[in-house]
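Peer 1: A predicted structure for the sequence below; I have some questions about it.
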Amino acid sequence: MDLHTLTPAQRRLLAAVVLLGALLVLGVPRLLHRGGGHVAIPLLRAPRSAPVSRSSTLVVDVAGAVRRPGLHSLAPGTRIADAVAAAGGATAKADISAVNLAAPLADGEQIVVPARGVGATGASNDGAPSPTAPLDLNSASLEQLDGLPGIGPTTAQKILDYRLAHGSFHSVAELDAVPGIGQGRLEQLKGLVIP
């Protein structure tokens, strides 16, 4: 091939091809040989045992008598005590003995730390839920559950039956499994009940 007969555009193209070829010849061995002469081929990497996902953290809502109420991100396997600590700890008005600090957390859960002066079930002396402390789903009576908005005696009995059949509630979201309670009712009960 006579280089003098090529147009300037063809010469530039030929120069680019030669340059690319030289980079491939000189660059590929450097990419394949790393360190002590081992060959690493990126396409043959072992697959990850478990994909990393966004669910590697729990987001919980801590409310009530805590220093920094709101949403807090925590590691899986943490307990309610960790959520209260992430919220700056309980205030001086908190009745921390009314909260099961050892209970495990679930993503999307709300933890409410009640103020002192309210019974451990989150109810006032007349059995009705107190506006300052939520009702504990795991110890509430039929009458206390019946006093919740949107919960009548039939649904209150279904909650008690569910608790008897399945054990303690670990999150308020578990109420969705009780017949007659849907997402709308769960929204109504947010902040009024705790697991």
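Peer 2: Received the coordinates, thanks.

Peer 1: what's the spacing between the most centrally placed residue in the chain and residue 166?
Peer 2: In the chain, the C-alpha closest to the average C-alpha coordinate belongs to residue 58, at a distance of 2.7 Å (C-alpha atoms, centre = their mean). Distance of residue 58 to residue 166, given as C-beta to C-beta, to the nearest Å: 22 Å. The way it works is simple: take the backbone N, C-alpha and C, and place the C-beta from them, glycine included.

Peer 1: got it, and residue 174?
Peer 2: Distance from residue 174 to residue 166, counting by C-beta to C-beta: 8 Å.

Peer 1: So if I had to pick from the two, which one is more boxed in?
Peer 2: Ranked by neighbour count (other C-beta atoms under 10 Å), residue 174 and residue 166 place residue 174 first, with 19 against 12.

Peer 1: least trustworthy helix or strand in the protein by mean pLDDT?
Peer 2: The weakest-scoring helix or strand in the chain, judged by mean pLDDT, DSSP states H and E, is strand 38-39 (a mean of 49).

Peer 1: List the pairing partners of the helix or strand following it within its sheet, with orientation.
Peer 2: Under the assignment DSSP states H and E, the closest C-terminal helix or strand after strand 38-39 is strand 58-64. Strand pairing for strand 58-64, using DSSP bridges, gives strand 70-74 (antiparallel), strand 110-113 (parallel).

Peer 1: Where among those is average confidence lowest?
Peer 2: Ranked by mean pLDDT, the strands paired with strand 58-64 bottom out at strand 110-113, with a mean of 86.

Peer 1: Run the chain-centre distance for that strand.
Peer 2: Here strand 110-113 is found 15 Å from its chain centre; the criterion is C-alpha atoms, centre = their mean, to the nearest Å.

Peer 1: again, but for stretch 150-170
Peer 2: From the chain centre to the centre of stretch 150-170 is a distance of 25 Å (C-alpha atoms, centre = their mean).

Peer 1: who's in contact with it?
Peer 2: The contact list for stretch 150-170, computed with C-beta atoms under 8 Å, 6 or more residues apart in numbering, reads 103-104, 106, 137-138, 140, 142-143, 145-146, 148, 175, 177-181, 185, 188-189, 195.

Peer 1: For it, give the mean pLDDT please.
Peer 2: So the average pLDDT for stretch 150-170 ends up being 89.

Peer 1: In it, which residues are buried?
Peer 2: 151, 155, 156, 158, 159, 160, 162, 163, 169, 170 (16 or more other C-beta atoms under 10 Å).

Peer 1: Having no further points to raise, I will conclude here.
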